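Visitor: After the sequence you'll find the predicted model.
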Amino acid sequence: MRLKNGDVLFIWPLALHVITAGWTYNDGSAHNAIDLRAVVGTPVYAMEDGTVDQTQFWDGRTKTGMQSYGNMLRIRHAAYKGGSLRTRYGHLSRILVEAGQAVKEGDLIGYSGETGNCNGAHLHIEVIYNGARVNPLNWMDADFTCANSTVRAHLGSYISVQRPATGPNVAKLQRICIIGQPQGIAGNARALGLPVEEATVALIGPASSGDAMTLWGMAKAGGCEYFARYAGEMDDNTLQRLCIAGAGEDIHAKASALALPVSDTPALLIGPASDGDAMTLWRQAQASSCEYYARYTE
């Protein structure tokens, strides 16, 4: 987004903002990017409006040159002070956009992975200004944490962009669904001042992208809350887990007709929540081995 003073403020491309490698690696060598913690299948969002000007698909073995990025895409944004401005997203498990496609800030563009030259799943982010990589932290707000103190020491020189407190640039909030009723999470959410609702949701899948789209359309038409995430490792035939709150008999019947596993299960619906509060609850859910879903509110 462009602020009133002309500055650029990129949104974070993930719902959770934990930096695992900064502008330099922990050994001090050049990185010229940042890495964000993300398990395989984490949704990745466009950081600003733009046009996809490059996509790359990993050959499955090469880890040098451009192939070191694995599955990668790049977005060209509006010029900034007369210079070109792009963002690059690397090591993806799946790309959902094509070269030449226009995207809006916050659009789902792919899913994180561990393709190319990487040590474990994460999202690699670059900001490229006038053809040179620049520290991404100079283009985003300060709503992040570091995996540890060593990472924090290698963030490089940066000044976070101040997010306006009111108006069209207010930070987005998240809606959270946690499957089951893990001990303590509901109380912790209420202590953060967040609305908490105990509900029964339809847990569906794994489902193909086509079947997921069919059920998403039915959920949208029926005014249901819909959450989805990719299940396990991802490839060209990636399957999704779906969670639909308020699903009626029509959705249950359709899922059964598609031969998809479907069950009603207790869940906590929490929020809207800030990114920081969502991160706190995500960690608690992860520690309790609970299924965790999150989406940005409209």
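Guide: Great, that's in hand.

Visitor: Show me what counts as buried in the lowest-mean-pLDDT helix or strand in the chain.
Guide: When each helix and strand of the chain is scored by mean pLDDT, DSSP states H and E, helix 275-287 comes last, with a mean of 82. Neighbour counts over helix 275-287 (16 or more other Cβ atoms under 10 Å) mark 275, 277-282, 284-285 as buried. All C-beta spots, glycine's among them, are computed from the backbone N, C-alpha and C.

Visitor: just curious, which of those residues is nearest to Trp58?
Guide: Using Cβ to Cβ, Trp282 comes nearest to Trp58 of these, at 27.7 Å.

Visitor: who touches the closest one in this structure?
Guide: 16, 292, 294 (Cβ atoms under 8 Å, 6 or more residues apart in numbering).

Visitor: Now with 7 Å, please.
Guide: Trp282 sits next to 16, 292 when contact means Cβ atoms under 7 Å, 6 or more residues apart in numbering.

Visitor: which residues are contacting stretch 83-90?
Guide: So stretch 83-90 is contacted by 8, 10, 13, 44, 47, 69-70, 72-77, 79, 110, 116, 123-131 (Cβ under 7 Å, 6+ apart).

Visitor: Can you pull the domain assignment for the chain?
Guide: Following automatic domain parsing, one finds the domains of the chain at 18-152, 174-296.

Visitor: still on that earlier bit, redo the buried residues of helix 275-287 as JSON lines? Include distance to Leu194.
Guide: Converted to JSON lines, the buried residues of helix 275-287 look like this (distance: Cβ to Cβ, whole Å):
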{"residue": "Asp275", "distance to Leu194": "13"}
{"residue": "Asp277", "distance to Leu194": "6"}
{"residue": "Ala278", "distance to Leu194": "9"}
{"residue": "Met279", "distance to Leu194": "13"}
{"residue": "Thr280", "distance to Leu194": "10"}
{"residue": "Leu281", "distance to Leu194": "8"}
{"residue": "Trp282", "distance to Leu194": "13"}
{"residue": "Gln284", "distance to Leu194": "13"}
{"residue": "Ala285", "distance to Leu194": "14"}
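
Visitor: Please indicate which of the contacts of stretch 83-90 are buried?
Guide: Counted by 16+ other Cβ under 10 Å, the contacts of stretch 83-90 give 8, 10, 13, 44, 47, 69-70, 72-75, 77, 110, 116, 123-129 as buried.

Visitor: Among these, which are located in strands?
Guide: 44, 72-75, 77, 110, 123-129 (DSSP state E).

Visitor: so which two of the residues you listed are the farthest from each other?
Guide: Farthest-apart pair in those is Gly110 and Tyr129; separation 22.3 Å (Cβ to Cβ).

Visitor: Can you give me the distance of Gly28 to Leu14?
Guide: For Gly28, the distance to Leu14 (Cβ to Cβ, to the nearest Å) stands at 26 Å.
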